[in-house]
Every structure is written in C-alpha cells, then in structure tokens.
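Engineer: for reference, the sequence and a predicted model appear below.
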Amino acid sequence: MSLTKSILKKAMPLPKLTGFERYLFIGPHPDDIEIGAGASVAALRKAGKEIAFLICTDGRYGTENLDQGLSCDALAGLRRQESLASAAVLDVADVRFLDLSDGGFYEDEALLRGIAEAVSDFQPDVIFAPDPAPTNEVHPDHLHVGRAAGQIACFAYNRGIMEQYGCSPAPVKAIAYYMTAKPTGFLATTGLIRKQIGAIACHKSQFPEGSAALKDVETYLRLRAFENGLRSHHGTAEGFRVLGSAQMHVLAEFGE
C-alpha cells in the first residue's frame, strides 16, 4: 500500500454501511438487486433499516427461458409482478419502476432524471448500484445504471444541480457498488442466503423451478458469500466497493 493511500485511509475512513437508516437499492433489471445484494437487503431489514428498490428497465428482452411467442410487453408485465413478489420475500414494500426499455434503448437523460427523482423522493443515506467499472462487465444496462447512480450520488447534495432534474437535494453519504471484484466494505449475511435464494426464485421467467440456472446461481452466491465471509471475518458476507462523499472524486488512491 502506498504511503499516500495509507494516510488517506486513516484520515478519511470509508463509511460503515450499517451506520445509516435509509438505503436505496438500484437495479438495472428485475432480479439484479437480489442477485447482487439480496442477502444484504435481508440483513438491513432485519436490523430495522428503511429500504426502497428502484428497478430501471422492464426486462422485456429476457426471453431466454420462455416460449418465443410471449410478447415483450407481456414479459415486462410478468417481470414487474415477479419483482414485487421477490421484494416481499425480502420484506421490502417500497418498489419503484422507471420502465425504461431493456437492452439500452433509452436516453441517458431519462435514466439520470429517473434516478434523481427517486433519490429526491426517498432521501437515502446510501445508494446501492452495480459496479460500472469491472473489467469483465459489458452489459450496457449494468454499465449505464452504475454510472448514472454514481453521478446522482455525487451531486445529490447540490441544490442547483438537482434542480436541473426538477428535484430537491438529498443527504446521500455513500454509494456501495455490488457485483464488484474489488470490495472495500462488507455486510454480514449469516443465515440469510436461503432468503436471498427464495427471492431470486420468484423470478420464474428467468429461473424456472428446478432449473440448472437457478442451481448455478445458488452455487455462485454461496461461494461468493463464503469468500467474502473469510475476507471480513464473518460467517458469510456480501462485499461492496464503497465510496463515501469524500472518496467520490479526485482521490484516485481509494480505487487502487
């Protein structure tokens, strides 16, 4: 570790994820929040925290496991219902939808405005979103949503900029990126993986009951939880690339 990074980490420590009250989880598609951070959602709700979901796209092109005769509009409606059922498993009642088209067929301005409106309305302390900077991620929706969430998190406090989106400022103190290869913060999830899998199983259009896909996801999540548990000295855990307001720009050493 460089001397500069070592000093910065002591002078400006990353925020502790459990130290807040209000959390907005942003998903590019229905099911992404559950796969990326579902056990953490369950842990935070168990601790009495306030949580809202924002699902940015409608998943209308997720037809891989479906009869090709199903229309995109019908699939989008089905996936909305699956999202509500899945959120209920995790004890989350506040679920919001931007209804942008799956596959990147939307303008960046619409995505930014939709996220800004949700942030302004819910007033979260922490935003969770997919990491927009892993070397292997190429899905445009994941990249666009991660970048847009970071942009709004950075400017949420700024009244002038938020007013450009027709919104009021919000006291966002951190962003936590899920689906990351470089976690810097962890949430203990011991005993909650089964609930996470149960939430994912509600997305039957993507993971039919008893399917190999569902089993593969469960295996991956259990391995990931075990590895993050070892890193964080918990039984199991989920890891996030965390940035507090002080680390969101200029201080590149925090990303090394």
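Structural biologist: That came through, no problem.
Engineer: every contact and neighbour count from this point should use C-alpha atoms.
Structural biologist: Fine.
Engineer: which parts of the chain are helices?
Structural biologist: Taking DSSP state H, the helices of the chain run over residues 3-11, 32-46, 72-89, 108-122, 140-155, 159-164, 193-201, 212-232.
Engineer: now mean neighbour count, mean pLDDT and distance to Leu54 too, for those, in JSON lines please.
Structural biologist: Conversion of the helices of the chain to JSON lines gives the following (neighbours: other CA atoms under 10 Å; pLDDT from 0 to 100; distance: least, CA to CA, whole Å):
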{"stretch": "helix 3-11", "mean neighbour count": "11", "mean pLDDT": "63", "distance to Leu54": "31"}
{"stretch": "helix 32-46", "mean neighbour count": "23", "mean pLDDT": "98", "distance to Leu54": "9"}
{"stretch": "helix 72-89", "mean neighbour count": "19", "mean pLDDT": "96", "distance to Leu54": "10"}
{"stretch": "helix 108-122", "mean neighbour count": "19", "mean pLDDT": "98", "distance to Leu54": "7"}
{"stretch": "helix 140-155", "mean neighbour count": "22", "mean pLDDT": "97", "distance to Leu54": "11"}
{"stretch": "helix 159-164", "mean neighbour count": "14", "mean pLDDT": "98", "distance to Leu54": "18"}
{"stretch": "helix 193-201", "mean neighbour count": "21", "mean pLDDT": "97", "distance to Leu54": "16"}
{"stretch": "helix 212-232", "mean neighbour count": "17", "mean pLDDT": "96", "distance to Leu54": "22"}
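Engineer: closest one to Val242 among the ones you listed?
Structural biologist: Smallest distance to Val242 across the helices of the chain (CA to CA): 11.0 Å, for helix 140-155.
Engineer: check which helices and strands that closest one sits against.
Structural biologist: strand 22-27, helix 108-122, strand 126-130, strand 174-178 (3 or more CA pairs under 8 Å, 6 or more residues apart in numbering; DSSP states H and E).
Engineer: repeat the analysis, applying 7 Å as the threshold.
Structural biologist: Counting contacts by 3 or more CA pairs under 7 Å, 6 or more residues apart in numbering; DSSP states H and E, helix 140-155 packs against helix 108-122, strand 126-130.
Engineer: if I read this right, Glu59 contacts Ala76, doesn't it?
Structural biologist: No Glu there; residue 59 is Gly. Yes - using CA atoms under 7 Å, Gly59 is in contact with Ala76, at 5.7 Å.
Engineer: measure the residue nearest to Ala133 when sequence neighbours are not counted to Pro132 for me?
Structural biologist: Leaving out its chain neighbours, the residue that sits closest to Ala133 by CA to CA, 6 or more residues apart in numbering is Leu143, at 7.6 Å. From Leu143 over to Pro132 the distance is 5 Å, taken as CA to CA, to the nearest Å.
Engineer: one step back: okay if I get the helices of the chain as CSV plus distance to Arg96?
Structural biologist: CSV is the format used below for the helices of the chain (distance: least, CA to CA, whole Å):
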stretch, distance to Arg96
helix 3-11, 35
helix 32-46, 13
helix 72-89, 9
helix 108-122, 8
helix 140-155, 15
helix 159-164, 19
helix 193-201, 17
helix 212-232, 25
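Engineer: out of the ones you listed, flag the one nearest Lys182.
Structural biologist: Comparing the helices of the chain by CA to CA, helix 212-232 comes nearest, at 10.8 Å.
Engineer: perfect, that will be all.
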